[in-house]
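In: with the sequence up front, the predicted model follows.
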Amino acid sequence: MPIRNADIAAILEEIADLLEIDGANVFRIRAYHNAARILKELGQDVRTMVEKGEDLTRLPGIGADLAGKIKEIVDTGRCKVLDDLHKRLPPAIVELLRIPGLGPKRVRVLYRELGIQTLEQLRRAVREHRIRSLPGFGEKTEMHIADALEAHGGGVGRYTRVAADQYAAPLLDYLNTVPGIDKVVIAGSYRRAKETVGDLDILATGSSEGLVMQRFVEYDDVEEILSQGPTRASVLLRGGLQVDFRVVPKESYGAALHYFTGSKAHNIAIRRLGQERGLKINEYGVFRGDKRVAGDTEESVFASVGLPFIPAELREDQGEIEAAKAGYLPKLVELSDLKGDLHAHTKASDGHNTILEMAQAAKSHGLQYLAITEHSRRLTVAHGLDPVRLLKQIDEIDKLNETLDGIVLLKGIEVDILEDGSLDLPDDVLGRLDIVVGAVHSRFGLSRIKQTERILRAMDRPYFNILAHPSGRLIGRREPYEVDMSRIIRKAKERGCFLELNANPERLDLVDSHCRMAREEGVLVSLNSDAHSILDFRNLRYAVGQARRGWLEPGDVLNTRSLKELRPLLCGTR
DNA sequence: GCCGTTTTCGGCCCGACTGTTTTCAGTCG
């Protein structure tokens, strides 16, 4: 089993965690965490880079030492530093760090004083009240640990954006009625359009802070108050979502929004830039000595370090600061740029609405064209279409188009890519369509090579236009299938076909790093709803968010084209 | 452990809240 970026990152994380417990230099620890993050977010395969002899120290945050350790991990699957740490500290001990309220210092005390190295041993010690007498611990801390152990493994993970929206919307409505609150906005990873969020970070500006905070924690849906001060509070909502709420004075809005939006790595990089200029940047503003020089708006914060405004979705310390410095920030795609949708279902397969209803809904979302792409026959559970039914639908769409105004329907199919890479419908049928979307719906467990070859063969078929949901993942439910995305992107370039970014909030593949790879190769990405009902066109905003995280401009997106511009692009594979 | 329009050494983002402490460490974001 070849080692992946995530595997290497996990080893580096474990080293960092153990170093922390061991009491190592905090900056050394940070370097390991940082390197792990870089590898996880890297769009390309580190193993391949190592095998090609590429210079890893060109990656920001990777120096000669870490480059050597990464190479060691790629070559041997292990790392001597980690092996050495395991001689001093039990491997399971890093699990204790996952308990909220337990950091490296306390974990070390637990281990040194009581020999605790597993969650089970910690549970027993809590039951026997042996924690409270430890130095730095007390009765309350012991109770908090007991609660945290109770909650641990309770399945509180990350929330998809659509799930978070269901909590956020009513909470924002409520906060907007609270006297003393001027502005309320969601910051954090939600604002950066991450595909999942661990919590909601809400920022408000206002004056009477204490009162505002009181009203926040009195919100109906609050189940537990985790902490509460005059400017900051954290609560758990019913259902488990954590909300962090922060109130700052009006003039600090920009600085606070920037700080609270993150990411952490981006903030550190920006604050470091400030430092170089003799500035101190915190959530209240930008300061030169005691003098406040910026912070009303985010623009003013960026300007203070000589940068233009950086859109929230780019703030990952993934090159956006360098791009901003050089004047190469992308002008990111927006929802209003989309002119059509190239993947939708109707009652004919597994959708819930008629073709006409879908057309009208698409039009009401400002779209000018909509491709009807039912499943093909192989997908029997979805009532996939055989040639006869598909030809019938083609006639139906032709007739409908004669009556429709302001929206054009494209005749399409979401054809199954079979295990051998052939398509589920014959070429002479596919040739009668405006658009062919291909997708993998079976045999997710193929090896990376077989899965990749299967998809590449399908892309080589005539009429193949778009590879739908290219990784097949369902966030939190199904891992992506093993596939070499860089080869697929190169094949798309070679064949003149396109990759879908599926707007279903549980799919959202392509992921951001693959969007960037496609952009760099010059392969257009299609932002498709995969709508199964008239309600699903709303999901297009999630695809736009992901596309923006992937640095995509309107020109990088297939369906920002007018129908007239689109048609010749769909003939590229014929 | 990384990094360099003053640096190859000496820095490394910054503040809020909690609990245990009697002046602050630990944790978190």
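Out: Cool, the structure landed. These numbers were taken from a predicted model, which means no experiment stands behind them. Residues are numbered from 1 along each chain as shown, chains lettered A, B, ... in the order given.
In: residue in chain A with the shortest distance to DNA strand B?
Out: Closest approach between chain A and DNA strand B, counting by C-beta to the nearest atom of the strand: A:Gly138, at 1.8 Å. Using the backbone N, CA and C atoms, a C-beta is placed for each residue, glycine as well.
In: and stretch A:68-85, end to end?
Out: By C-alpha to C-alpha, to the nearest Å, the extent of stretch A:68-85 from end to end equals 18 Å.
In: quick one: that stretch near DNA strand B?
Out: Yes. Using C-beta under 7 Å from any atom of the strand, we find that stretch A:68-85 touches DNA strand B at A:Val81.
In: pull the residues that contact that stretch.
Out: In this structure, residues lying in contact with stretch A:68-85 by C-beta atoms under 8 Å, 6 or more residues apart in numbering are A:3, A:7-8, A:11-12, A:14-15, A:18-19, A:22, A:35, A:39, A:46-47, A:50-51, A:56, A:62.
In: and stretch A:484-500, by the same measure?
Out: A:44-45, A:342-343, A:437, A:448-449, A:452, A:455-456, A:459-460, A:464-471, A:510, A:514, A:517-518, A:521-528, A:558, A:569, A:572-573.
In: equivalent analysis for stretch A:218-235, please.
Out: For stretch A:218-235, contacts defined as C-beta under 8 Å, 6+ apart pick out A:167, A:170-171, A:174-175, A:209-210, A:213, A:216-217, A:236-238, A:242-248.
In: CA-only coordinates of stretch A:210-225, as PDB, when you get a sec.
Out: Taking C-alpha atoms only, stretch A:210-225 is exported to PDB below (Å, rounded to 0.1, in the frame of the first residue of the first chain):
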ATOM      1  CA  GLY A 210     -22.600  42.200  29.000                       C
ATOM      2  CA  LEU A 211     -26.300  42.400  28.100                       C
ATOM      3  CA  VAL A 212     -25.700  41.200  24.500                       C
ATOM      4  CA  MET A 213     -23.800  38.200  25.800                       C
ATOM      5  CA  GLN A 214     -26.600  37.400  28.300                       C
ATOM      6  CA  ARG A 215     -29.100  37.400  25.500                       C
ATOM      7  CA  PHE A 216     -26.900  35.200  23.400                       C
ATOM      8  CA  VAL A 217     -26.700  32.400  26.000                       C
ATOM      9  CA  GLU A 218     -30.400  32.700  26.600                       C
ATOM     10  CA  TYR A 219     -31.200  31.600  23.000                       C
ATOM     11  CA  ASP A 220     -33.800  28.900  23.100                       C
ATOM     12  CA  ASP A 221     -31.700  26.300  21.400                       C
ATOM     13  CA  VAL A 222     -28.700  26.600  23.800                       C
ATOM     14  CA  GLU A 223     -28.300  23.400  25.700                       C
ATOM     15  CA  GLU A 224     -25.100  24.100  27.500                       C
ATOM     16  CA  ILE A 225     -22.900  27.100  28.200                       C
END
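In: quick one, strands of the stretch 351-500 of chain A?
Out: Taking DSSP state E, counting those that start in this stretch as the criterion, the stretch 351-500 of chain A carries its strands at A:369-375, A:408-416, A:435-439, A:466-467, A:498-502.
In: drop anything exposed from the contacts of stretch A:218-235.
Out: Neighbour-count burial (16 or more other C-beta atoms under 10 Å) applied to these gives A:167, A:171, A:174-175, A:209, A:213, A:216-217, A:236-237, A:242-248.
In: next one: the residue lying farthest from the centre of chain A from A:Tyr111, what distance?
Out: Going by C-alpha atoms, centre = their mean, the residue of chain A most distant from its centre is A:Ser133, 42.7 Å out. The spacing between A:Ser133 and A:Tyr111, counted by C-beta to C-beta, to the nearest Å, is 16 Å.
In: could you list which of the contacts of stretch A:484-500 also contact DNA strand B?
Out: Among these, not one lies near DNA strand B by C-beta under 7 Å from any atom of the strand.
In: narrow these to those that are buried.
Out: A:45, A:342-343, A:437, A:452, A:455-456, A:459, A:464-471, A:510, A:514, A:517-518, A:523-528, A:558, A:573.
In: show me those residues that map onto helices.
Out: Secondary structure from DSSP state H places A:Thr452, A:Ile455, A:Leu456, A:Met459, A:His514, A:Met517, A:Ala518 of the buried ones among the contacts of stretch A:484-500 in helices.
In: of these, closest to A:Arg124?
Out: A:His514 (45.9 Å; C-beta to C-beta).
In: which residue is the nearest non-sequential neighbour of that closest one?
Out: Once flanking residues are discounted, A:His514 sits nearest to A:Met485: 5.1 Å by C-beta to C-beta, 6 or more residues apart in numbering.
In: list, out of the contacts of stretch A:218-235, those positioned next to DNA strand B.
Out: A:Gln242, A:Asp244.
In: related to what we said a few turns ago, can you put the strands of the stretch 351-500 of chain A in JSON lines and add mean pLDDT?
Out: Rendered in JSON lines, the data for these read as follows (pLDDT from 0 to 100):
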{"stretch": "strand A:369-375", "mean pLDDT": "97"}
{"stretch": "strand A:408-416", "mean pLDDT": "97"}
{"stretch": "strand A:435-439", "mean pLDDT": "97"}
{"stretch": "strand A:466-467", "mean pLDDT": "97"}
{"stretch": "strand A:498-502", "mean pLDDT": "98"}
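In: now render those strands as TSV, adding distance to A:Leu390.
Out: Converted to TSV, the strands of the stretch 351-500 of chain A look like this (distance: least, C-beta to C-beta, whole Å):
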stretch	distance to A:Leu390
strand A:369-375	7
strand A:408-416	6
strand A:435-439	11
strand A:466-467	17
strand A:498-502	20
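In: how deep is the residue nearest to A:His514 tucked in, by neighbour count?
Out: 23 (other C-beta atoms under 10 Å).
In: please apply the same query to the one 3 residues further on.
Out: A:Ile488 is flanked by 24 other residues according to other C-beta under 10 Å.
In: shouldn't A:His129 be within a helix?
Out: No. Counting by DSSP: H, G, I helix; E, B strand; the rest coil, A:His129 is not part of a helix but coil.
In: what's the nearest residue to it if we skip its chain neighbours?
Out: A:Glu142 is the one closest to A:His129 (C-beta to C-beta, 6+ apart), at 6.8 Å.
In: surely that neighbour meets A:Arg132?
Out: Yes. A:Glu142 lies in contact with A:Arg132 (C-beta atoms under 8 Å); the separation is 4.4 Å.
In: show me which of these two is the more surrounded one.
Out: Higher neighbour count among A:Glu142 and A:Arg132: A:Glu142, with 18 against 15, using other C-beta under 10 Å.
In: ok, and what's touching stretch A:92-112?
Out: Defining contact as C-beta under 8 Å, 6+ apart, one finds that stretch A:92-112 is touched by A:14, A:17-18, A:20-23, A:89-90, A:116-119, A:122, A:125, A:131, A:134-137, A:141, A:144-145, A:148-149, A:152.
In: from the residues you listed, which land in helices?
Out: Per DSSP H, these map to helices at A:14, A:17-18, A:20-22, A:119, A:122, A:125, A:141, A:144-145, A:148-149.
In: low-scoring stretches of the stretch 301-450 of chain A, by residue?
Out: Applying pLDDT under 70 to the stretch 301-450 of chain A flags no residue at all.
In: so which residues of it form helices?
Out: Under the criterion DSSP state H, counting those that start in this stretch, helices of the stretch 301-450 of chain A are mapped to A:320-326, A:355-364, A:387-403, A:427-430, A:448-459.
In: and the gap between the nearest residue to the residue of chain A closest to DNA strand B once chain neighbours are set aside and A:Gly445?
Out: Of all residues beyond its chain neighbours, the one nearest A:Gly138 is A:Arg132 (5.8 Å), with distances taken as C-beta to C-beta, 6+ apart. Here the criterion is C-beta to C-beta. By it, A:Arg132 lies 49 Å from A:Gly445.
In: quick one on the thing from earlier: how about the contacts made by the residue nearest to A:His129?
Out: The contact partners of A:Glu142, by C-beta under 8 Å, 6+ apart, come to A:Val126, A:His129, A:Ile131, A:Arg132.
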